[in-house]
Structure formats: C-alpha cells, structure tokens
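Engineer: Predicted model and sequence follow; I will ask about them next.
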Amino acid sequence: MRILIIGNSKSAEILTDFFCRSPEHLVFTTKEWSCGNYTGINSKDAEELKEFALANEINLTITADRFSADTDYFPAFSENNLAILCPEFDALKIASSKAFSKKFIYRNKIKTPKFAFFEKLNLALDYIRNAQYPLVIKPDEHFETETAYIAETFGAAKHRVETLFQNDNKKVLIEEYIQGKEYTFYALSDGFRPILIDGICNFQNELSVKKPVTPELKEKIYNEIIFPVISALAADGTEYTGILGFDVIITPKNEVYLIECNSFFKDLDTEMILKDTGEDWAKLFMDTITGTLADDFETPFSFKNRGRYYGAFMLEDGQEIITQSAKTAGVLYEKLLEEGLGQNILNEARKLWEQ
C-alpha cells in the first residue's frame, strides 16, 4: 500500500516509522528526518499534497497532527476520490474548540465538570473571586505546549487568567476541579459506530502508562461518553470520521467525567497504541474511511438504549438497529421501513423510541 503521512508532530514521525517497518507499504511523509520518503511539501498545503497524492497514486493518506484545525484537507482529497483519514472541518470542532466542545457535551447530557467561558478579564475575575477552589484554567484553543493550570487560591487563579488574556487568548475556560485518575481513551469512528481502541493513563502530560481498566469500566466509558458523542455529532449532521481521543477523569467512586477531545493520538501515546496490537492498522484506517469498520472489527461492548436523541435500539431478539440521524418517531419509522424490516421489529423499535 502507498501511504502518505501528513504532519510535523512526534506522532507523525512515530506513525511513519511504524508503517515503514512493513515491506508491504511504501510510505511518504511531510515529517523531515523520519524513515519515510520525505515529500518536501508544507504540511499545511492541502492543494499541493492532494496533487502529490494523485501523481504518486497514494492509497491512504493520514493527517497525524492533533493541532491542525487551521487546515481543511478533506474537500481536496475527497473530491478527487482519495482516501484520507481526517475528520471533516465541522466535525473537527469537537477537538479544536473547547467552547464548542464543552457546550456540545453539556447539551447532550454527558457528564463534564462545571465550567464557564470568559471573553473579558473583569468578568473572569468576578467569577474566580467567588468560586470554590481548586479551579482548572485553560485557553479555549488547543496548543501543543498547553497544560491545564490548577489554581489553589484566588491569587494564583488571578495571575493565570491575566496571563492568558495578556497573551491574546480570546476566550478563557474556568472549570471545576475533579479529583481522580486522568485517562485518554481512543476510538476509531466511521461516523456512526465507534470502536474503542485502548486507554492510556496520563500523568501531568509528561508520562503515559497503559494501566488495566476493568471491562465494566470500559463499557461504562463507551456507553456514557464515546458512543453518545459520536452519535450526537451524527445526529447534528457532522459525522466524525477518524481517530478521536477522549480525555476523562475517573473518580474513586468510578464516576466518569469527559474533559475534552483530541483529534489524533497524543505524542506520548502513539507508540503504545500501535505496537504489539497485532492489528493491520492500514486496513483498520481504510475500513474507517469506507464505513466498513464494524464489519471487520467487533466492539466488545453492548449498546445501551440512550433514548430518542441517540437513536440506538437493542431489540429483544438481539438484533441491533442504529438510526443516529432519526430525530422524530416518524423519521425513525421511515428509515427502518426502508431497511425492509418486519412489522414486529418496527413496532418494537417505535415503543423503545417513545419510552
């Protein structure tokens, strides 16, 4: 397979080196000094990269930077029938803008710490003056060097907020501090049915470790966070296709809070995710793009009935129906009818919808 890796991150380098290990792949990359064939093309130049992919008959292109929200690769590649593992620009907002992400998470009733965004310094200072501590303070946009700042006192919070506004941040996020273990769970999504890949425990953004997580806890995270996010995006008409990382806090009581999302593997996590899995990642990525992911890679978890918004239904005979984009019972009925399902299944699905 002829593969093109786009990106300048450490993840792009690791991914390039990983695919280079297989004699079945011819790998091109925008990451200089990696083992792939260096293209010499600016990783932000979508048009030139598209022309390169056409000229070199690239089978699979992968965007491997988490912080690439300023470049829309998808239209140039998809319009020329080039397979690219990259979310569409609208879907990418779930990972690139904390303001969009937090409001989306809250609106869809997914558990997240209490939060507030501020565009003016005086309003932010009024808020932290009366807040309970500790607080977590972040800029709205994702940055490669960004770390969450935990403020224990008003003085520390004031200094951090003032610094962020002085550095031309347009919005500042202030959220409740939740005590617990930090994990990032990664999923592959074909736009509708996500597949949980793995979970990595994070320590201060400096160390990542694979730590055992019980099947019950993984299922909880899948059903309460991963599947609802992907399904709600699809219901909004912005199917997320690609890799999505979910930063979560797991409390001592096994409550799970979604903090934010990432559009690719973190640099510290990439090697651990890829190595020793025994999976054909090139095929998994292609299945993700073509929408056949669930056909060849079975999720170990069952879907829970999340009600009408998510449109996931488990029937008594075990047959599963997923209709993320059905926003009313009438539309649901029409969609299921188009699939040629029997009247008994249609009636059962409608009952579940109306619960």
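Structural biologist: The structure has been received and is ready for your questions. Model, not experiment: these values are computed from the prediction.

Engineer: Under the pLDDT cut-off, which ranges of the protein? List them.
Structural biologist: 68, 143-147, 203-210, 276-277, 296-355 (pLDDT under 70).

Engineer: does the most centrally placed residue in it sit in a helix or strand, and which one?
Structural biologist: Centroid-nearest residue in the chain: L244, 2.2 Å away (criterion: C-alpha atoms, centre = their mean). Element membership of L244, judged by DSSP states H and E, is strand 241-250.

Engineer: Now do the next helix or strand after that strand: which elements does it pack against?
Structural biologist: Following strand 241-250 in sequence order, the next helix or strand is strand 256-262 (DSSP H and E). Here strand 256-262 touches helix 89-96, helix 98-107, helix 215-221, strand 241-250, going by 3 or more C-beta pairs under 8 Å, 6 or more residues apart in numbering; DSSP states H and E. The way it works is simple: take the backbone N, C-alpha and C, and place the C-beta from them, glycine included.

Engineer: Show residues contacting the first one.
Structural biologist: Just to be clear, that refers to helix 89-96. With contact meaning C-beta atoms under 8 Å, 6 or more residues apart in numbering, helix 89-96 is reached by 66, 69, 72, 74, 87, 100-101, 104, 141-142, 229, 233, 238-241, 244-245, 260-263.

Engineer: Go again with 6 Å.
Structural biologist: For helix 89-96, contacts defined as C-beta atoms under 6 Å, 6 or more residues apart in numbering pick out 69, 72, 100-101, 233, 238, 240, 261-263.

Engineer: got it, and stretch 44-51?
Structural biologist: With contacts defined as C-beta under 6 Å, 6+ apart, stretch 44-51 is touched by 41, 71, 73, 76-77.

Engineer: can you pick the most crowded of those residues?
Structural biologist: Y73 (25 neighbours; other C-beta atoms under 10 Å).

Engineer: Spit out the contact partners of that residue.
Structural biologist: 46, 63, 86.

Engineer: Excluding chain neighbours, what is closest to the residue nearest to the centre of the chain?
Structural biologist: The shortest distance from L244 to any non-neighbouring residue, by C-beta to C-beta, 6 or more residues apart in numbering, is to A187 (5.4 Å).

Engineer: for the helix or strand hosting that neighbour, packing partners?
Structural biologist: With secondary structure defined by DSSP H and E, A187 is part of strand 181-190. Secondary-structure packing of strand 181-190 (3 or more C-beta pairs under 6 Å, 6 or more residues apart in numbering; DSSP states H and E): strand 194-203, strand 241-250.

Engineer: what angle separates the last one from helix 89-96?
Structural biologist: Strand 241-250 and helix 89-96 meet at an angle of 30 degrees, taking axes from the mean of the first three to the mean of the last three C-alpha atoms, to 10 degrees as the criterion.

Engineer: just to revisit the earlier point, any buried residues in the strand holding A187, and which?
Structural biologist: By neighbour count on 16 or more other C-beta atoms under 10 Å, the buried set for strand 181-190 is 182-190.

Engineer: cool, and stretch 66-86?
Structural biologist: For stretch 66-86, by 16+ other C-beta under 10 Å, it's 66-69, 71, 73-74, 76-77, 82-86.

Engineer: Among the residues you listed, which are located in strands?
Structural biologist: 84-85 (DSSP state E).
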